[in-house]
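> what follows is a predicted structure for the sequence shown.
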Amino acid sequence: MNDLRSSIDAQMTLGHLSRTELRRELRRRRRALSPRQQQAASHSLLARLRRLPELLSARRVALYLPNDGEIDPRPLLDWLRQRRAQAYLPVLRPLSDNRLWFVRYDEHTPMVANRFGISEPCSRHGAHPSRRLPPWALDAILLPLVGFDDAGQRLGMGGGFYDRTLAFAHPDSGQGGPRPRLIGLAHDVQRVERLPVASWDVPLNAIVSDQRVIRPA
Ligand SMILES: Nc1nc2c(c(=O)[nH]1)N(C=O)[C@@H](CNc1ccc(C(=O)N[C@@H](CCC(=O)O)C(=O)O)cc1)CN2
Ligand SMILES: Nc1ncnc2c1ncn2[C@@H]1O[C@H](COP(=O)(O)OP(=O)(O)OP(=O)(O)O)[C@@H](O)[C@H]1O
């Protein structure tokens, strides 16, 4: 009960924070989780992801390597391999237009640390067209979230990397054609009552945490 009370209090008191302050607070929360809590959360996330219709039918799936306390989707790699589905990772595009490439990933992929210290497939390797896919050719993209709400809104790191890369999937983009299913992932402690919506925010199909699956109405 005390836990419930304090988590409700924590959520309620966030309403007055700016996006920057909200990011700082929510990133602090996920970093504060112990290795044991992280592992349990990752395990529980996997159980939910394995039942997600969007992933059951997916052959090409982008995920991420966890950073800064993000919930860890790596256990999904084995499951994807068993299903003969291919895994892709985001790579900061070399010409720095703040967009992402999605490069095929397996245990042989040469990796480097990007400018944020996150390990990613080496861009020279990823530059080869056979090894990367444009975002619309992926079946599903798992995005790391800093925050989310019950309406299915998301808050990212603030770089706009995913928003720019996925702008073609925005309802106002006027672009038809295939669209990847977009699935946001986060720890349940990153849930807040209500997030502000920006005009460029690309809607997600679902948000999955260690405790729940949220589908925007
Ligand atoms: N695991 C993971 N991979 C990812 C992302 C992510 O959020 N998580 N990205 C999602 O976009 C892209 C990288 N974008 C990022 C944007 C900001 C920061 C970050 O830590 N910013 C620091 C400032 C660091 C600096 O400027 O040196 C900060 O805000 O404190 C990290 C990654 C691609 N790969
Ligand atoms: N489609 C777009 N075209 C150009 N700029 C964009 C686009 N989408 C977002 N941006 C810019 O990116 C910046 C960060 O956006 P926002 O605060 O929504 O990031 P975020 O959603 O938290 O991050 P991310 O998309 O990396 O997860 C904003 O200042 C915005 O101007």
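Done, it's in. Ligands and ions are numbered 1, 2, ... in the order given.
> and the residue nearest to Leu133 when sequence neighbours are not counted, which helix or strand is it part of?
Take Leu133 and drop its neighbours on the chain: the residue closest to it by CB to CB, 6 or more residues apart in numbering is Phe102, 5.3 Å away. Bear in mind the C-beta positions are built from the backbone N, C-alpha and C, glycine included. For Phe102, the element it lies in under DSSP states H and E is strand 100-105.
> chain center to that strand, what's the gap?
Here the centre of strand 100-105 is set off from its chain's centre by 14 Å, with CA atoms, centre = their mean, to the nearest Å.
> in its sheet, which strands sit next to that strand, and in what direction?
Its sheet considered, strand 100-105 pairs with strand 86-92 (antiparallel), strand 132-133 (antiparallel) by DSSP bridges.
> which of the ones you listed is buried the deepest?
Each of those was scored by mean neighbour count; the highest is strand 86-92, a mean of 22, by mean count of other CB atoms under 10 Å.
> would you mind writing the CA trace of that strand as CSV?
What follows is the C-alpha trace of strand 86-92 in CSV, where atoms were taken according to Å, rounded to 0.1, in the frame of the first residue of the first chain:
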residue,chain,number,x,y,z
GLN,A,86,16.4,-11.1,-38.5
ALA,A,87,17.4,-8.6,-35.9
TYR,A,88,18.4,-5.0,-36.7
LEU,A,89,20.0,-2.3,-34.6
PRO,A,90,19.8,1.5,-35.0
VAL,A,91,23.0,3.2,-36.2
LEU,A,92,23.5,7.0,-36.1
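> contacting residues around that strand?
Applying CB atoms under 8 Å, 6 or more residues apart in numbering, the contact partners of strand 86-92 are 59-65, 76-77, 80-81, 100-106, 109, 114-115, 120-121, 123, 126, 132-133, 138, 161-162, 165.
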